[in-house]
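Chemist: Got a sequence here, can you build the structure:
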Amino acid sequence: MFIPRLIRRSVVVAVTALVCPAAAFAQVGVTVPEPGDPASARPGLLSKIHIDQHLDRQLPLDLAFVDDAGKAVRLGDYFGKRPVVMALAYYECPMLCTQVLNGLVSTLSVMNFEPGREFDVVVVSFNPREGPGLASQKKATYLERYKRPHTAHGWHFLTGQQSSIDALTDALGFRYAYDEQIQQFAHGAAIEVLTPKGHISKYFYGIEFSARDLRLGLIEASDERIGTPVDDFLLFCYHYDPATGKYGASVLRLVRLGGILTVLAFLSFLTISLRRDRRDRLTQSAFITGPAGGVFLPPDGGAHRAPARERSGPPPFLADYEREATARSRRSAPEPDRAKAEAWGPRERPSRGSGRSPDQ
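Modeler: Numbering: from 1, shown residues only. Model (predicted):
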């Protein structure tokens, strides 16, 4: 039967893999780690691929390369004015290099910083067999993808000899290897942010990059000569983590910021309270000041006033003042003409409804 034969073959393969694991791995071309190697050891070619962070290391700016126009240049020609975003890639890479450059262009497309104004983009091929023709084609492709043709002077695609490539990759800590079986380079995925003087400032890993992280990295690399006050605030709240290649919230700085805001809030509350109390006292003194500059105080000095929530109408001392003012005005009013009133006499006064005036 077909099924029993298939089962027997599967059993034989499984037993062989358990008894002779080296033979099983050899079928798929995988290098078997030697006995005693740690479990985290990377076999074969992968052990040669890594990106070592050399933060603040100075790049050799005298290295010779050829630009996308076929002109001989030095690496230092792209430094001195602005920060630089550098990517190591080879232009005939069928997969990873293209993904890195695609991610870089996508990130730059959503930023208001532009190449040639706030920073420059320098892409260097680590394949010595590539020339300026491929570099020019790659530049045209990504300029079209970026859709800002006026920034062409800020994009630079370089090729060079093996000696220059080795010196640059060693300074950046970019370790790669050539796979003879597939005729391709094996390498990591990252971009680097460099200061205007050529010092390594930041590494960002992967094929997709955060626009916020790249913006903050460029601002820090420029010694904060670019950016806005909002960016300065974000740099206070976030810090670069070399282990992840990203910016994360700084807990200690956030705690300090919270303490400062708490003190400011308390001082604001105290100032407002003192001003309100002073205004209330001035209002009360205006109520008890007389019209001629004198001061009227109730007999008990205002102690008989009820709390504000129990009062209805004006305060008692203010009512006393109004009664005193009314009596004063009555006493100062002129007396009526008594002589004229007596001349009428009781009988000569017109009766109500007679229609006669006093002179009739």
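Chemist: Just list whatever residues bridge to residue 86.
Modeler: Residue 86 forms beta bridges with residue 122, residue 192, as assigned by DSSP bridges.
Chemist: Residue 143: what's it in contact with?
Modeler: Residue 143 is in contact with 149, 151, 152, 155, counting by Cβ atoms under 8 Å, 6 or more residues apart in numbering. C-betas here are computed from N, CA, C, even on glycine.
Chemist: mind listing the strands for the protein?
Modeler: 50-51, 64-66, 72-74, 84-88, 120-124, 155-158, 174-175, 177-179, 184-186, 190-194, 200-205, 238-241, 246-249 (DSSP state E).
Chemist: Columns mean pLDDT on top of those, output as TSV?
Modeler: TSV is the format used below for these (pLDDT from 0 to 100):
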stretch	mean pLDDT
strand 50-51	90
strand 64-66	97
strand 72-74	97
strand 84-88	97
strand 120-124	97
strand 155-158	98
strand 174-175	94
strand 177-179	90
strand 184-186	91
strand 190-194	95
strand 200-205	93
strand 238-241	58
strand 246-249	61
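Chemist: Buried residues in stretch 103-116, which are they?
Modeler: Buried residues in stretch 103-116, counted by 16 or more other Cβ atoms under 10 Å: 103, 104, 105, 107, 108, 113, 115.
Chemist: tell me which of those residues is nearest to residue 144?
Modeler: Nearest to residue 144 out of the buried residues of stretch 103-116 is residue 105 (Cβ to Cβ; 10.0 Å).
Chemist: Could you pull up the residues touching that closest one?
Modeler: For residue 105, the contacting residues are 142, 145, 146, by Cβ under 8 Å, 6+ apart.
Chemist: do the same with residue 201
Modeler: Shown in contact with residue 201 (Cβ under 8 Å, 6+ apart): 55, 56, 83, 192, 193, 194, 195, 217, 220, 221.
Chemist: and the third one, what does it touch?
Modeler: Applying Cβ under 8 Å, 6+ apart, we find residue 83 in contact with 118, 119, 120, 193, 194, 195, 196, 201, 218, 221, 222.
Chemist: number of nearby residues for the fourth one?
Modeler: The one in question is residue 193. Residues contacting residue 193 under the criterion other Cβ atoms under 10 Å number 23.
Chemist: From what I see, it and residue 209 are in contact.
Modeler: No - in this structure residue 193 lies outside contact range of residue 209 using Cβ atoms under 8 Å: 10.4 Å.
Chemist: For residue 209, which non-adjacent residue is spatially closest?
Modeler: Nearest non-adjacent residue to residue 209, counting by Cβ to Cβ, 6 or more residues apart in numbering: residue 107, 4.5 Å away.
Chemist: Most neighbours among the contacts of residue 143, please name it.
Modeler: The most neighbours of any of these, using other Cβ under 10 Å, belong to residue 155, which has 22 neighbours.
Chemist: Test my guess that it contacts residue 121.
Modeler: Yes - between residue 155 and residue 121 there is a contact under Cβ under 8 Å: 5.0 Å.
Chemist: Quick check: neighbours shared by those two?
Modeler: Residues touching both residue 155 and residue 121 (Cβ under 8 Å, 6+ apart): residue 115.
Chemist: So, low pLDDT: which residues of the stretch 201-350 of the chain?
Modeler: Residue ranges of the stretch 201-350 of the chain with pLDDT under 70: 224-259, 261, 284-321, 329, 331-350.
Chemist: just to revisit the earlier point, which among the contacts of residue 105 end up buried?
Modeler: Here, 16+ other Cβ under 10 Å leaves 142, 146 buried among the contacts of residue 105.
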